[in-house]
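> would you be able to build a 3D model of this:
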Amino acid sequence: MAIDRRKFIKGGLLATGAAMTSPAVFSSGAQAAGEIKVGVLFSLTGGLSIVEKSLHDATMMAISEINEKGGVNGMKITAVAEDGASDPKTFNEKASKLVIQDRVPTVFGCYTSASRKAVLPVFEKRHNLLFYPTYYEGFECSKNVVYTGAVPNQQLSNFIPWIIKTLGKKKFFIVGSNYIYPREMAKVSKILIEKNGGQWIADEYLELGHSEWGSMVNKIKNSGCDVVLSNVVGDSVVAFYREFKNQGLTHDKLPICATVTSEIEIAAMGPEYAVGSYTSFPYFQAIDTPANKDFVARYRKFVNDPKAVTHHALECSYFQVYLWKQAVEKAGKATPEAIVANIGGQSFDAPGGKVTVEAQNLHTALTPRIAQWQADGQGKIVNAYDQPVFPLPYVAYGETESNLFCTAKGLDSAKLKL
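Coordinates of the predicted model:
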């Protein structure tokens, strides 16, 4: 079923109803008796749990580490964990419970844009705060969300020119799951493809969770393309790559270049189906630094799995807890308003390198990287920027670092080129 942004926003407003008319109270309950409550909201069941359980675990690992070192300003972090069950409506209900009943001032959570859109009305109406760890399509400017995952200019602005100039591929077949993230990523991709002298010859979608990819792969095979840009999400990634190989297509001749496929999907499908393909992310498990190797080892120990893999959204889930901690310590209190006022400019030496929350738009500066998948299921980093890139959530609409659409004052909608 296609995911419709307006339906989710409307559904969120109806679900939260009249109870969301005044700010939640945080002076008692959320920060009392030497503790700070926070919400943790990811899918622990359902089709998306294969990814989201790892985001939950990384969040809990960061909380555990911070508590072991004395907490936040001497206060222990107490996590109230809820299960979004891979369902936007459930995410909305659980977010409402965390904010209204548990009175947590911050929630770490959500993976898909569908779930983020479903909970956004809760946080905006109740003046609460969501830390969102997933790479996403941009086109959002909320003062109730801190965005720590990559936006399109941190995944595509490096990727498309590299594909054309380094791989020599110019005829793109764009394919994605049918909802907002893949469609918005395709919009940015088309601009960059044309700007760099390439052409897109198709832009096709299948429903989220679709597992029958025979017809689509056959269409790709007969399209005349020389590269596939994949914005396919979830379980469909596994089915797509397997069918790609089953029909005799190889990544050395017709590579899949993806914005979603991570270590966790590679492990699920089997590395042999992805060898030679590419992904653009700010973080890969293969980053060869002592800090990242230590992080991977600690994560595996925490989840008691010596073969567990780390990936971009997992790393963001981890480091965003530390960014939150620093903002609370600077503010001296854990209210949403205090955190937002102090989160801008906060930096942290994350496993993948330095990250910084930009005060103007509450998005995070990250370092773009491209990796080619190897037979061991790990990505060999073949391109990396020297430093973090400023996040531009409206890059598809002409936003630049010198002409921001999303600022501390809010969104300047007059600048949008719709």
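
> could you list the low-pLDDT ranges of the protein?
Scanning the chain for pLDDT under 70 picks out 1-33, 417-418.

> just the element for the residue most central in space within it, please.
Residue closest to the mean C-alpha point of the chain, counted by C-alpha atoms, centre = their mean, is residue 134 at 1.3 Å. Assigned by DSSP states H and E, residue 134 belongs to no helix or strand.

> return the residues in contact with it.
Shown in contact with residue 134 (C-beta atoms under 8 Å, 6 or more residues apart in numbering): 110-113, 116, 149, 313, 316. The way it works is simple: take the backbone N, C-alpha and C, and place the C-beta from them, glycine included.

> out of those residues, who's nearest residue 279?
The nearest member of those to residue 279, counting by C-beta to C-beta, is residue 313 at 12.6 Å.

> picking that back up, now the residue nearest to the centre of the chain. Nearest residue, chain neighbours left out?
Spatial nearest neighbour of residue 134, excluding adjacent residues (C-beta to C-beta, 6 or more residues apart in numbering): residue 149 at 4.5 Å.

> count the residues that sit near the one you found.
Residue 149 has 25 neighbouring residues, counting by other C-beta atoms under 10 Å.

> sec struct for it, please.
What DSSP: H, G, I helix; E, B strand; the rest coil gives for residue 149 is coil.

> any idea how far it is from residue 241?
Going from residue 149 to residue 241 by C-beta to C-beta, to the nearest Å gives 22 Å.

> ditto for residue 258
In this view, residue 258 and residue 241 are 9 Å apart by C-beta to C-beta.

> the two - which one has more neighbours?
residue 241 (29 against 26).

> how far away is the more buried one from residue 101?
According to C-beta to C-beta, residue 241 and residue 101 sit 42 Å apart.

> cool, residue 242 as well?
Here residue 242 is placed at a distance of 43 Å from residue 101 (C-beta to C-beta).

> what of residue 197?
From residue 197 to residue 101 the distance is 55 Å (C-beta to C-beta).

> is it fair to say residue 174 lies in a strand?
Yes - assessed by three-state DSSP, residue 174 belongs to a strand.

> which neighbouring residues are in contact with it, exactly?
Here residue 174 is in contact with 186, 189-190, 200, 202-204, 228-229, 231 (C-beta under 8 Å, 6+ apart).

> list the helices and strands the helix or strand hosting residue 187 packs on?
Counting by DSSP H and E, the element that carries residue 187 is helix 180-195. Helix 180-195 sits against helix 113-125, helix 159-165, strand 171-177, strand 199-206, strand 227-231, with contacts defined as 3 or more C-beta pairs under 8 Å, 6 or more residues apart in numbering; DSSP states H and E.

> can I get these in JSON lines with distance to residue 51?
Compiled in JSON lines, those are given as follows (distance: least, C-beta to C-beta, whole Å):
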{"stretch": "helix 113-125", "distance to residue 51": "12"}
{"stretch": "helix 159-165", "distance to residue 51": "21"}
{"stretch": "strand 171-177", "distance to residue 51": "13"}
{"stretch": "strand 199-206", "distance to residue 51": "19"}
{"stretch": "strand 227-231", "distance to residue 51": "15"}
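
> on that earlier part again, surely the residue nearest to residue 134 meets residue 137?
No - with contact defined as C-beta atoms under 8 Å, residue 149 does not count as touching residue 137 (10.6 Å).

> picking up where we left off before, farthest pair in the contacts of residue 174?
Most distant of these, by C-beta to C-beta, are 190 and 228, 14.6 Å apart.

> between the two, who's got more neighbours?
Taking other C-beta under 10 Å, residue 190 and residue 228 do not tie; residue 228 has more neighbours (25 against 19).

> quick one: contacts for the more buried one?
Listed by C-beta under 8 Å, 6+ apart, the contact set of residue 228 reads 172-175, 220, 254-257.

> and if you look at residue 336?
By C-beta under 8 Å, 6+ apart, residue 336 lies in contact with 26, 105-106, 127-129, 144.

> same check, this time on residue 321
Contact analysis of residue 321 by C-beta under 8 Å, 6+ apart lists 59, 62-63, 66, 108, 131.

> of residue 242 and residue 101, who's got more company?
residue 242 (18 against 11).

> you'd agree the more buried one is up against residue 273?
Yes - using C-beta under 8 Å, residue 242 is in contact with residue 273, at 5.3 Å.

> ok, for residue 145, nearest residue in space, not its chain neighbours?
The spatial neighbour of residue 145 that comes closest, neighbours along the chain excluded (C-beta to C-beta, 6+ apart), is residue 130 at 4.8 Å.

> and residue 351, how many residues sit next to it?
For residue 351, the count of nearby residues is 22 (other C-beta under 10 Å).

> which residues are in contact with it?
Per C-beta under 8 Å, 6+ apart, neighbours of residue 351: 283, 287, 289, 291-292, 295-296, 310, 315, 318-319.
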